[in-house]
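Trainee: Sharing a sequence plus its predicted fold:
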Amino acid sequence: MPPALPLITLLTDFGTKDHFVASMKGVILSINPQARIIDITHEIFPFRIAEAAACLRACYRTFPEGTVHVAVVDPGVGSSRRPILVTTSRYFFVAPDNGVLTPVLAEEQDVEIRHLENRQYQLESPGATFHGRDLFAPAAAWLTKGQPSSLFGGLIDDPVRLPVESPAWCEHTLIGQVTGIDRFGNLLTDITARHLDDVRAVAQGGTLTIRIAGSRIDGLVSSYSEGRPDHPSALINSNGYLEVFMREASAAVILGIGLGGRIEVEGPAS
């Protein structure tokens with residue numbers, strides 16, 4: 001699958017204060033001056049692989065077919081963890097083999113995984129602390145120039161995958177968790193609209209009850225503007241997941257809840 005256009009996305013925990021992101025872009029453009037580079041974000045909390053995986057999952061499909069996605073949240077840089085190239089029927093992904101591509105491996109079709117080991121497509125470096133610049137950026141750039149994935153390294157069939165916990169039932173209550181917190185303090189969860197349909201079916205209709213961090217939410221709203229500034233509200237967001245928010249306030253701060261926090265959904269009491 002040759003890329004339709006030289007488009008590369010970058011997702012890291014590097015921030016923008018240091019030279020890291022600029023160095024990666026410099027390497028890419030030195031190899032392919034025609035490359036277009038899109039920043040997904042560089043504000044992933046340092047070392048938080050699961051957050052990066054969730055962020056990538058939320059947006060990678062919105063890009064044109066053939067896009068090269070580079071995800072570098074890499075607490076194991078320089079260790080024995082492998083750098084990998086994942087090729088699917090639609091995209092390329094370049095990342096450390098630490099689970100950051102777990103959603104991609106679960107959802108994409110015709111997945112091929114290779115170990116990035118061909119030094120021809122790497123930069124020489126006196127150290128092993130910056131694989132974003134020395135391994136992942138050059139690999140992405142060479143992919144946009146049409147180099148076939150088979151040249152980058154051998155096939156592997158045992159990529160690291162993050163443990164994925166799905167919402168679970170406890171009698172008539174569906175229990176999920178907070179999987180992300182956006183910059184507005186909204187709480188993103190692993191409960192989907194389909195899960196809520198299941199709850200309604202079990203409860204045989206009626207208004208859903210949502211419990212989180214000691215607060216009770218009765219029913220869903222359709223937009224943020226319908227929420228209250230002094231009490232949490234819930235809606236289905238544009239990615240199809242249940243989200244808890246407070247209008248023009250941070251639900252995460254006010255409720256005092258973080259990643260992995262428990263959320264419960266049930267139908268009306270009988």
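Mentor: That came through, no problem.

Trainee: okay, CA-based contacts and neighbour counts for the rest of this
Mentor: Fine.

Trainee: Same question for the helix or strand of the chain at the bottom of the mean pLDDT ranking: list its buried residues.
Mentor: Of all helical and strand segments in the chain, the minimum by mean pLDDT, DSSP states H and E falls on helix 193-203, at a mean of 89. By neighbour count with 16 or more other C-alpha atoms under 10 Å, helix 193-203 contains the buried residues 195-196, 199-200, 203.

Trainee: residues touching Pro167, list them.
Mentor: Contacts for Pro167 were tallied using C-alpha atoms under 8 Å, 6 or more residues apart in numbering; they are 174-177, 190-191.

Trainee: can you do 7 Å?
Mentor: Residues touching Pro167, when contacts are defined by C-alpha atoms under 7 Å, 6 or more residues apart in numbering, comprise 174-176, 190-191.

Trainee: which of these tops the neighbour count?
Mentor: Going through the contacts of Pro167 with other C-alpha atoms under 10 Å as the criterion, the one with the most neighbours is Ile191, at 25 neighbours.

Trainee: so what strands line up beside the helix or strand hosting that residue?
Mentor: Assigned by DSSP states H and E, Ile191 belongs to strand 187-192. Partners of strand 187-192 in the sheet, by DSSP bridges, are strand 173-181 (antiparallel), strand 241-245 (antiparallel).

Trainee: highest average neighbour count across those strands?
Mentor: Among the strands paired with strand 187-192, the stretch with the highest mean neighbour count (mean count of other C-alpha atoms under 10 Å) is strand 241-245, at a mean of 23.

Trainee: Need the contact partners of that strand.
Mentor: Judged by C-alpha under 7 Å, 6+ apart, the contacts made with strand 241-245 from elsewhere in the structure are 186-193, 232-237, 251.

Trainee: rerun at 10 Å
Mentor: By C-alpha atoms under 10 Å, 6 or more residues apart in numbering, the residues outside strand 241-245 that reach it are 176, 178, 180-181, 184-196, 210, 212, 217, 220, 224, 227-229, 231-237, 250-252, 255, 263.

Trainee: Ile156: neighbour count?
Mentor: Here the number of neighbours of Ile156 (other C-alpha under 10 Å) works out to 12.

Trainee: For it, give me its contacts.
Mentor: Here Ile156 is in contact with 84-85, 112-115 (criterion: C-alpha under 10 Å, 6+ apart).

Trainee: which ones among those are found in strands?
Mentor: With strands defined by DSSP state E, the entries of those inside them are 84-85, 112-115.

Trainee: For those residues, which entry has the maximal number of neighbours?
Mentor: The most neighbours, when these are compared by other C-alpha under 10 Å, belong to Leu85, which has 29 neighbours.

Trainee: following the helix or strand harbouring Trp142, which helix or strand comes up?
Mentor: When elements are assigned from DSSP H and E, Trp142 belongs to helix 137-144. Elements were assigned by DSSP H and E; along the chain past helix 137-144, the next helix or strand is strand 168-170.

Trainee: what is the rounded mean pLDDT of that following strand?
Mentor: Average pLDDT, strand 168-170: 92.

Trainee: Okay, now the sheet partners of it, with direction.
Mentor: strand 173-181 (antiparallel).

Trainee: out of the contacts of Ile156, who's nearest Val72?
Mentor: Using C-alpha to C-alpha, the shortest approach to Val72 within the contacts of Ile156 belongs to Ile84, at 11.1 Å.

Trainee: Report the distance from stretch 125-142 to the chain centre.
Mentor: Average the C-alpha atoms of stretch 125-142, do the same for its chain, and the two points are 21 Å apart (C-alpha atoms, centre = their mean, to the nearest Å).

Trainee: With stretch 198-213 instead?
Mentor: On the basis of C-alpha atoms, centre = their mean, stretch 198-213 is displaced by 28 Å from the centre of the chain it belongs to.

Trainee: follow-up on the earlier one: in CSV, list the contacts of Ile156 along with distance to Ala35 and pLDDT.
Mentor: Rendered in CSV, the data for the contacts of Ile156 read as follows (distance: C-alpha to C-alpha, whole Å; pLDDT from 0 to 100):
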residue, distance to Ala35, pLDDT
Ile84, 21, 98
Leu85, 18, 98
Glu112, 24, 98
Ile113, 23, 98
Arg114, 23, 98
His115, 23, 98
